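K.L.:
Provided below for reference: sequence and predicted model.
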Amino acid sequence: MDSSYEAEFAELVAAKGGALRRTAYLMCADWHLAEDLVQIVFVKVHLHWRRIRRQESFDSYLRTTLFHAFLDTRRAKWRRETPAEYLPDLEAPGTEPSDDREVLVAALRRIPPRQRAVLVLRYWEDLSVEETAGLLGCAAGTVKSQAARGLAALRPLLAGTVFESVTAEH
Amino acid sequence: MADLETTAGLESPEDDWARGVFDRVRTGQHEPHWIPDAEAAARLSSRHRTRFRAAGALAAVAVVGLSATAFTTLGGSLGKSGAPTGVGPAAAQSTWTGLDLSKYLEIDGLWKEGTRGSAGTLSPTGLSSISTVLQRLDPGLKHIRTTSGQRPLDITPNPPGTFELELAASGYWAPGGDVSFFPPAGTAYRPTTPFGHVTITATSPRFLPPEQVHRQDTPCGLDSVASTFQVPRATEWSSCVRAHQSDGSDIVVAHSTNLRAGVVTFAARLFPDGSSVSITASTVIGYTPAPVTDPPDPARFVAGPPLDPVPWTDDSLARALAGPTVKGMP
């Protein structure tokens, strides 16, 4: 890879790193793991830089790679991840998350990972049902049902928080 | 099921609410400082590339060596005509060909590589045990279902140094075998139809052995009851019933005693080598609203209706684990 490619790559990392990490954090609820996931994405991007740098669907490639890295890492965890283990049990009773995002992340952790990923892609990344389906490699109907189930699980988890009566701004 | 029919162009109130929720956390949130490291990614990428090349070269040498050996074994000669030119395919992926477990259960594995976690493939021994237990719990396979979708189960041998520690398979017990409407779309997660939940787990001796703490709040003193957020977490259990088996293993079973919503039953077969196969079966599903406490408060569990009649007993779960076809993972 020549120096111009390296410069392009560095530019990409600087431009996309922060947003990818936020998306990763919503999926995995761990800033350090989120950084690892983003690093995995960038390693893969660098490996296939020649092939993918001109693709129009470059952002989609980044999200897809991040999603698969998230699922791979989840499978690899020492303790198999079950929704019960997403709970903030280790915090002392009465300890509340410090800001709105932490409240949302704590709730997302209690939703099965695929449903969580669908919610993040649909409502954080603002992807359409079809785009999400294409990214996840499944049918649009699956995305709809996963989103519906995820939202059905999320609603009660956010009851009594600032999100309960929130409305969309657009 | 209006939510399920929502199209990209016709957003539902739930979609609007979800967008509002995520929009609220887009700005002004505290997050740790971080600078992505392009050079580190490039270095790691280069190492991958080098490793791929080396692996490719070694594989080519191995294939040529193997071909030459086979050729001479079959009476061929490596004379001037040179080595045979055929190059066999790379090792193919092996897929589980037994009962299509993913139709009934969500399968999840846990691996160890060296001292770290890693992804791997599934143990056929574990899948076989789970298959046996599943068919004993649900003869005719009319009730246990998963909503996670079918997939091929990869049983390609793991590379040296990678071990599968635990294989867990979980599904819903639906009286009519129908989970197509589950969970109900809408704002309430609480199901209005009775559902149970079953998890079958196989572990290897490499898995950290169940902690023999003999705590009152764990079944049979084992800290290995499977839990999901849909199943109430009991803190009081019946006395443990233990049955010694002819192969030296023990089957233990206990059930919850402090859940108002239903009953969770735990049964495990503990093999002398430290491996195990266990079942955690709940007659009810629901959720625990936030904030969640530790230890859990079963009274706060919001439950759907329980299964009635209960399709298993302590004894039937114990019997499902008996016999030589149920084995822990190596």
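P.N.:
Received the coordinates, thanks. The structure presented is a predicted model; accordingly, all values stated were derived computationally and were not measured. Numbering: from 1, shown residues only, chains lettered A, B, ... in the order given.

K.L.:
ok and the residue in chain A nearest chain B?
P.N.:
With distances taken as Cβ to the nearest Cβ, chain A approaches chain B most closely at residue A:17, which sits 3.1 Å away. C-beta here means a position set from N, CA and C on the backbone, and glycine is covered the same way.

K.L.:
So that residue belongs to a helix, correct?
P.N.:
Yes: counting by DSSP: H, G, I helix; E, B strand; the rest coil, residue A:17 is part of a helix.

K.L.:
burial of the closest residue to residue B:274 other than its chain neighbours, as a residue count?
P.N.:
With Cβ to Cβ, 6 or more residues apart in numbering or on different chains as the criterion, residue B:274 has its nearest non-adjacent residue at 3.6 Å, and that residue is residue B:205. Residue crowding around residue B:205 was assessed by other Cβ atoms under 10 Å in any protein chain shown; the count is 16.

K.L.:
and chain B, what are its domains?
P.N.:
The domain map for chain B lists B:35-90, B:101-320, with the assignment taken from automatic domain parsing.

K.L.:
same check, this time on chain A
P.N.:
Described in terms of automatic domain parsing, the domain architecture of chain A consists of the residue ranges A:1-81, A:90-165.

K.L.:
Lowest average confidence across the domains of chain B, which one?
P.N.:
Of all these, mean pLDDT reaches its minimum on domain B:35-90 (a mean of 42).

K.L.:
wouldn't residue B:207 be in contact with residue B:167 here?
P.N.:
No: under the criterion of Cβ atoms under 8 Å, residue B:207 makes no contact with residue B:167, lying 10.0 Å away.

K.L.:
quick one: which of those two has more around it?
P.N.:
Set residue B:207 next to residue B:167 and count neighbours by other Cβ under 10 Å: residue B:167 wins out with 26 against 23.

K.L.:
My read is that the more buried one contacts residue B:106, right?
P.N.:
No: taking contact to mean Cβ under 8 Å, the distance of 11.6 Å between residue B:167 and residue B:106 leaves them out of contact.

K.L.:
can you tell if stretch A:141-148 touches chain B?
P.N.:
Yes: Stretch A:141-148 reaches chain B (Cβ under 8 Å from any Cβ of the partner chain) through A:141, A:142, A:144, A:145, A:147, A:148.

K.L.:
Listing request: residues of chain A with sub-threshold pLDDT.
P.N.:
Using pLDDT under 70 as the threshold, the predicted model of chain A has low-confidence ranges A:1-5, A:48-57, A:72-98, A:167-170.

K.L.:
For my notes, confirm residue B:324 occurs in a strand.
P.N.:
No: residue assignment for residue B:324, taken from three-state DSSP, gives coil, which places it outside any strand.

K.L.:
hmm, back to that, please enumerate the shared neighbours of residue B:207 and residue B:167.
P.N.:
Taking Cβ atoms under 8 Å, 6 or more residues apart in numbering or on different chains as the contact criterion, the residues that touch both residue B:207 and residue B:167 are residue B:110.

K.L.:
And the closest residue to residue B:248 other than its chain neighbours, its phi and psi?
P.N.:
By the measure of Cβ to Cβ, 6+ apart, the closest residue to residue B:248 outside its immediate chain neighbours is residue B:272, 4.5 Å from it. For residue B:272, the backbone dihedrals (degrees, to the nearest 10) come out as phi -60, psi -30.

K.L.:
Distance check, residue B:272 against chain A.
P.N.:
Taken as Cβ to the nearest Cβ, to the nearest Å, the spacing of residue B:272 relative to chain A amounts to 24 Å.

K.L.:
which ones are touching that residue?
P.N.:
Neighbour list for residue B:272: B:247, B:248, B:249 [criterion: Cβ under 8 Å, 6+ apart].

K.L.:
would you say the second one is within a helix?
P.N.:
Spelled out, it's residue B:248. No: counting by three-state DSSP, residue B:248 is not part of a helix but coil.

K.L.:
tally of neighbours for it?
P.N.:
Applying other Cβ under 10 Å, I find that residue B:248 has 10 neighbouring residues.

K.L.:
Does it touch residue B:271 like I think?
P.N.:
Yes: Residue B:248 sits in contact with residue B:271 when judged by Cβ under 8 Å, with a separation of 7.5 Å.

K.L.:
Which parts of the stretch 101-250 of chain B are helices?
P.N.:
Listed from the start of the chain, the stretch 101-250 of chain B has helices (DSSP state H, counting those that start in this stretch) covering B:124-137.

K.L.:
okay, now the residue of chain B found nearest chain A: neighbour count?
P.N.:
Closest contact between chain B and chain A, by Cβ to the nearest Cβ, is at residue B:36 (3.1 Å). Using other Cβ under 10 Å as the criterion, residue B:36 is surrounded by 21 other residues.
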